[in-house]
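>>> Attaching a predicted model along with its sequence, questions to come.
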Amino acid sequence: MLKKSLGIIISIILIIILLLQINLKETIIEFTKINIFWLIFLIPTVIFSLYLRSIRWQKIINNQQIHTKSLFKGMILGFSANYLLPFKLGEVYRSYYVGRKENMSKTFVFSTIILERIFDGIAISLLLMIGIYFYHPYKWLFKVLILGGGLFLIPLIILFIFYKIPYFHNIIDTYLPNFIKKYYVNFRECLHILNNPVHVLNIFAFSILIWIIEAINILLVLKSMGILLFPAAYFLILGLVAFSTLIPSGPASIGPFQYGYIIALAIFNINMEKAVAASFINQICALFITVVPGIFIFYREHLKLNMPSGTSSH
C-alpha cells in the first residue's frame, strides 16, 4: 500500500509542477494540430510489439508447451493493468494470469518477467548509446546511459555469478528462511537459459527489435504533430522516456513519462508544450490500443482483479 501511495503522490506532484511550468492554452492548441492519419499506424505497431514480446517471453520461459496465445493475452492484460493501476502492478497480474492459465508456478512466471525487464533495459541502453553517439554526446547523457544501463547490466552479471557458483547456493540453503528459499529456487530455475549463449543472443535480438518498434511508435506520434527528426534521434528520445518510467509513479507512469518527453525533446529545441502534448498523445493511444482488447479478454474469460493470496507461489 505504501508503494502504491508513493507512486500516486509522485505523479500528482510532478503533474502539479508541470501545470505551473507550461502554457496550458498553447498545449491545448498543439492537440488541435494533430494529424490522426499517422496515429492510425500505431494500432498495428503496438499490437505487433506485444506479439513479439509474447514470443520472447516464451523463449525466456523456455518451454515449448506453453502456448504463445496465453502469453499474448497475458501481455495485453498486463500492459492494460499498467495503464490503469499504479506502480506497474500489471506485471504481477500477468504473472498470475499466465501461471493460472498454464498451471505454472506464479513465482517462476514472475521471475521470467524480471529477467525480461533486464533484457529490456540492456536493449534500451544500447539504442540510447547509438542515439547519443550520432547526435548529442553531452556529458549528462552519458551519465544517464551509465546509470540506466548499470541498473540492468549489473543485476544480470550478479545473477549469472550466483547461478554459476555453487557456493552461493549453499549460503542461501544454509542461512536463509524457507520462504525465501522457495522464491529463490523458482527464480534460479528461470536462469537456466543463461547456459545457452545462442539462446540468450536470440532473446536479446528480439529485445532490440521490440524497442526499435517502440522507437517507431515515437516517430509516428511526433510525425502526427509535424515533427520529423533523423532516425537515431528517436533512439535517444526512446531511451530517456523509457528510463523516466523507472521512477515510481501512478497509472501509465503519468508525470515521469511527461518529463521524459520534455527532457528528450528539449535536446532538439522542441518546446515544453509540444513535448507535453506528444507525451499525452503517446499515452492515450497506447492506452486505447491495449486496454480495449484487455477489457474484452477480462470479461470473456470471467477474470477478477484480485489475485488470491496463496496462489502466488503455486
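Right, received. Where do you want to start?

>>> My read is that residue 218 contacts residue 236, right?
No. Taking Cβ atoms under 8 Å as the definition, residue 218 is not a contact partner of residue 236, at 10.1 Å. All C-beta atoms are positioned from the backbone trio N, CA, C, and that covers glycine.

>>> the more surrounded of these two?
residue 236 (26 against 21; other Cβ atoms under 10 Å).

>>> Could I get the contacting residues of the more buried one?
Going by Cβ atoms under 8 Å, 6 or more residues apart in numbering, residue 236 touches 128, 131-132, 135-136, 141, 264, 267.

>>> Give me the buried subset of these.
Among the contacts of residue 236, those classed as buried by neighbour count (16 or more other Cβ atoms under 10 Å) are 128, 131-132, 135, 141, 264, 267.

>>> The residue nearest to residue 168 when sequence neighbours are not counted: what's it in contact with?
Nearest residue to residue 168, sequence neighbours excluded (Cβ to Cβ, 6 or more residues apart in numbering): residue 162, at 4.7 Å. For residue 162, the contacting residues are 168-169, 188, by Cβ under 8 Å, 6+ apart.

>>> Tell me where the stretch 101-250 of the chain has helices.
Counting by DSSP state H, counting those that start in this stretch, the stretch 101-250 of the chain has helices at residues 106-134, 139-164, 166-175, 178-190, 197-224, 231-244.

>>> so which of these comes closest to residue 302?
helix 106-134 (19.0 Å; Cβ to Cβ).

>>> ok, and for that closest one, which residues are buried?
So for helix 106-134, counting by 16+ other Cβ under 10 Å, buried means 106-113, 115-116, 118-129, 131-132.

>>> Could you list the buried residues of stretch 263-283?
For stretch 263-283, by 16+ other Cβ under 10 Å, it's 263-265, 267-268, 270-283.

>>> now swap in stretch 284-303 and tell me
In stretch 284-303, counting by 16+ other Cβ under 10 Å, buried: 285-287, 289-291, 293-294, 297-298, 303.

>>> Return the backbone torsion pair for residue 229.
Dihedral pair for residue 229: phi -120, psi 170, per degrees, to the nearest 10.

>>> For it, the count of nearby residues, please.
17.

>>> mind listing what it touches?
By Cβ under 8 Å, 6+ apart, the contact list for residue 229 reads 219, 222, 237, 268.

>>> Isn't residue 124 up against residue 237?
No. In this structure, residue 124 is not within contact of residue 237 by Cβ under 8 Å, at 11.4 Å.

>>> residue contacts, residue 262?
Contacts of residue 262 (Cβ under 8 Å, 6+ apart): 272, 275-276, 279.

>>> out of the residues you listed, which are inside strands?
Among these, none falls in strands (DSSP state E).

>>> Tell me the one of the residues you listed nearest residue 24?
Checking the contacts of residue 262 one by one against residue 24 (Cβ to Cβ), the nearest turns out to be residue 276, at 9.3 Å.

>>> Might one say that that closest one is in contact with residue 27?
Yes. If you go by Cβ under 8 Å, residue 276 and residue 27 touch, sitting 5.4 Å apart.

>>> and residue 9, how many neighbours does it have?
Residue 9, neighbours per other Cβ under 10 Å, totals 15.

>>> secondary structure element for it?
helix 2-21 (DSSP states H and E).

>>> about what we covered before: min pLDDT across the contacts of residue 236, which one?
Ranked by pLDDT, these bottom out at residue 136 (71).

>>> Can you tell me how far that residue is from residue 151?
To residue 151, residue 136 is 21 Å away according to Cβ to Cβ, to the nearest Å.

>>> and if you look at residue 228?
32 Å.

>>> So between these two, which is more surrounded?
residue 151 (15 against 9).

>>> Wait, the more buried one touches residue 246, no?
Yes. Between residue 151 and residue 246 there is a contact under Cβ under 8 Å: 7.2 Å.

>>> burial measure for residue 144, as a count.
Residue 144 has 18 nearby residues by other Cβ under 10 Å.

>>> among the helices and strands of the chain, which has the poorest mean pLDDT?
helix 166-175 (a mean of 75; mean pLDDT, DSSP states H and E).

>>> Would you mind extracting the C-alpha trace of that one into PDB?
C-alpha atoms of helix 166-175 as PDB (Å, rounded to 0.1, in the frame of the first residue of the first chain):
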ATOM      1  CA  PRO A 166      27.500 -23.400  -6.100                       C
ATOM      2  CA  TYR A 167      29.000 -21.600  -3.100                       C
ATOM      3  CA  PHE A 168      26.200 -19.000  -3.200                       C
ATOM      4  CA  HIS A 169      23.500 -21.700  -3.400                       C
ATOM      5  CA  ASN A 170      24.900 -23.300  -0.300                       C
ATOM      6  CA  ILE A 171      24.800 -20.000   1.600                       C
ATOM      7  CA  ILE A 172      21.100 -19.500   0.600                       C
ATOM      8  CA  ASP A 173      20.200 -23.100   1.500                       C
ATOM      9  CA  THR A 174      22.000 -22.800   4.900                       C
ATOM     10  CA  TYR A 175      21.200 -19.400   6.200                       C
END
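
>>> Alright, that wraps it up for me.
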